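1. Make a model of this:
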Amino acid sequence: MKKALLVVAAVGLTYAGVAQDKYVTSALTNYNTKSWDDAKADIDRAAVNPETKGKPKTLYAKGVIYVAMQQVDKYKAGNPYREGTQEMIKLAELKPDYKAEDVNGALLFGAMMYFNDGINAYNDKKYAESIEYMKNAVKIHNLGGGHRFDKFMEGMVSKKLDTMSASAETQMARSAYAMGNSEEVIKMINSIKTNPICRTKDNYIILLESYEKYDKENANKMAAEELAATAEARAAYPDDPNIKNMEMNTLMKNGKTTDLLKKMEDDVAKEPNNADLNFNLGVLYQTLATPKDTKEKKPANAAELMTKADVSLSRAVKLAPENPSYNSALGSVYYQLAYEYNEQMNLITGTSTADNKKYDDLKAKRDAQFNKAMVPYEKAVAVYDARGKVEGNDQDIYHQTLDCLKQIYSILNKTDKAKEIAEKLQKSGW
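-> Alright, predicted model coming up:
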């Protein structure tokens, strides 16, 4: 008796499965006749029923129907392709060979749609959304270990998908960068930079900027990795000025001044007429000669370094006379020397003939340096004023140049000029 009941129960179960399976068949029939409302109703019912849910045929039917609905005006705004594509991804993972050609076509369409939505989300500054869309494009590419589409359409799709996936991963890194998530950017770029498609100058710049930000916020925790990445970027793009500047900052920050100086001197030797290289080298010479910490002793060769700074920056100004930052930097060398003479003057407290002579000698040297500083400083201000509007980092350079000029004019008793500069500073909100 018990056996009979079991048989009846088994038959009933089989019947229920067949009953539910008809909705999958009906859904596909309605799909073929473009009866979208009926197709959707049938497949939605089959997709939630325990007897048909998750089965290859059901996954396939829902996938093709929902992907096709993306091109139906009534449904496209709801982006049904996403739900359909997810069903196709499940099917590809569950049973890779099931109606492979049809599934691949739907997956390719889904990957392109996800990628486009990712780009649009990025442009709309919806960076988290962009990352999620791009993740799906990459996931589709990676099906079958990245080889699912090798033979699809005689292999014509595979390379395009490789490029799209690489672009998606790069876009994910840029979204993370825009969100200020430096640690995530570092992980993303390091995971894709060996891919020739992703090995770009821009990706290296984003990576180095992210290392700089992360180390600044985390006590230089990734200093070794940052140095290695900087060396790698410079080796890949030895002539890129942005990467050169970033290398300079990284080496400087990590106390690798000897290495940095050698690299920069070699660069200038190779390109003596490169104004940027001469400018950077001049700034480095001056920086090495004048430690930020006033308690720190100057290097023994400080005077030599300042002379070299003068030579390099003078060459930069000669090569690019209308560059205000170059002129300002050259002026700062003379201003620094004048300031040092002024400090020595302040140490003289005696009034003897010898003291007075020493004071006057120092004053003459100071004033000579101030007069030298005026020329490039005034040139920098004239260039900035001619622009009409000073923005970004140039604002700081402009204000600092004006402030130094005001002090020079005051010390040299050029009262009218000092007043004129003071008014400019006031108008600029300094």
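
2. For Q20, give me the pLDDT.
-> Per-residue pLDDT puts Q20 at 57.

3. Oops, could you answer that again for K253 instead?
-> 87.

4. where's the nearest residue to Y211 once chain neighbours are set aside, which helix or strand?
-> In space, and not counting its chain neighbours, Y211 is closest to E226: 3.9 Å by Cβ to Cβ, 6 or more residues apart in numbering. C-betas here are computed from N, CA, C, even on glycine. Here E226, judged by DSSP states H and E, is contained in helix 223-236.

5. Could I get the buried residue list for the helix or strand that that helix is followed by?
-> Counting by DSSP H and E, the next helix or strand C-terminal to helix 223-236 is helix 241-253. Judged by neighbour count using 16 or more other Cβ atoms under 10 Å, the buried positions of helix 241-253 are 243-244, 246-248, 250-251.

6. Who are the packing partners of helix 241-253?
-> With contacts defined as 3 or more Cβ pairs under 8 Å, 6 or more residues apart in numbering; DSSP states H and E, helix 241-253 has these neighbours: helix 201-217, helix 223-236, helix 257-270, helix 275-289.

7. Could you figure out how far that helix is turned away from helix 223-236?
-> Here helix 241-253 points in a direction 150 degrees away from that of helix 223-236 (axes from the mean of the first three to the mean of the last three Cα atoms, to 10 degrees).

8. OK, contacts around L281?
-> 264-265, 267-268, 312 (Cβ atoms under 8 Å, 6 or more residues apart in numbering).

9. Most neighbours out of these, which is it?
-> Counting neighbours by other Cβ atoms under 10 Å, S312 comes out on top of those with 26 neighbours.

10. Now name the helix or strand holding that residue.
-> Assignment of secondary structure by DSSP H and E places S312 within helix 302-319.

11. What are the contacting residues of that helix?
-> Helix 302-319 is contacted by residues 268, 272-276, 278-279, 281-283, 285-286, 288-290, 299, 323, 326-327, 329-330, 333-334, 336-337, 376 when judged by Cβ under 8 Å, 6+ apart.

12. after it, next one along is what?
-> The helix or strand immediately downstream of helix 302-319 is helix 324-346, counting by DSSP H and E.

13. Any buried residues in stretch 256-272, and which?
-> Residues 256, 260-261, 263-265, 267-268 are the ones in stretch 256-272 that count as buried (16+ other Cβ under 10 Å).

14. Poorly predicted segments of the protein, please.
-> 1-20, 293-295, 429-430 (pLDDT under 70).

15. name the helices or strands packed onto the longest helix belonging to it?
-> Longest helix of the chain, by residue count under DSSP state H: helix 353-387. Packing partners of helix 353-387 (3+ Cβ pairs under 8 Å, 6+ apart): helix 324-346, helix 393-411.

16. Please enumerate residues in contact with the shortest one?
-> The one in question is helix 393-411. Contact with helix 393-411 is made by 324-325, 328, 331-332, 335, 338, 367, 370, 373-374, 377-378, 380-381, 384, 390, 414-415, 417-418, 421-422, 424-425, 428, 430, as judged by Cβ under 8 Å, 6+ apart.

17. C-alpha coordinates for the helix holding E226, CSV please?
-> This file holds the C-alpha atoms of helix 223-236, laid out as CSV (Å, rounded to 0.1, in the frame of the first residue of the first chain):
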residue,chain,number,x,y,z
ALA,A,223,56.1,54.2,0.0
ALA,A,224,58.0,51.2,-1.4
GLU,A,225,55.1,50.3,-3.8
GLU,A,226,54.8,54.0,-4.9
LEU,A,227,58.5,54.2,-5.7
ALA,A,228,58.4,50.9,-7.7
ALA,A,229,55.3,52.1,-9.6
THR,A,230,57.0,55.5,-10.3
ALA,A,231,60.1,53.8,-11.7
GLU,A,232,57.9,51.5,-13.8
ALA,A,233,55.9,54.5,-15.2
ARG,A,234,59.1,56.4,-16.0
ALA,A,235,60.6,53.4,-17.7
ALA,A,236,57.4,53.0,-19.8
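
18. what distance separates that helix from the centre of its chain?
-> 15 Å (Cα atoms, centre = their mean, to the nearest Å).

19. list the helices and strands that helix packs on?
-> Secondary-structure packing of helix 223-236 (3+ Cβ pairs under 8 Å, 6+ apart): helix 201-217, helix 241-253.

20. out of the ones you listed, nearest to K22?
-> Judged by Cβ to Cβ, the one of the helices and strands packed on helix 223-236 that comes nearest to K22 is helix 201-217, at 52.7 Å.

21. List the buried residues of the closest one.
-> For helix 201-217, a neighbour-count test (16+ other Cβ under 10 Å) marks 203-208, 210-215 as buried.

22. for stretch 66-86, same thing?
-> 66-70, 75, 79-86.

23. quick one: contacts of that stretch?
-> Among residues not part of stretch 66-86, those counted as contacts by Cβ under 8 Å, 6+ apart are 31, 36, 40, 43, 62-65, 87-88, 106-107, 109-111, 113-114, 117, 136, 140.
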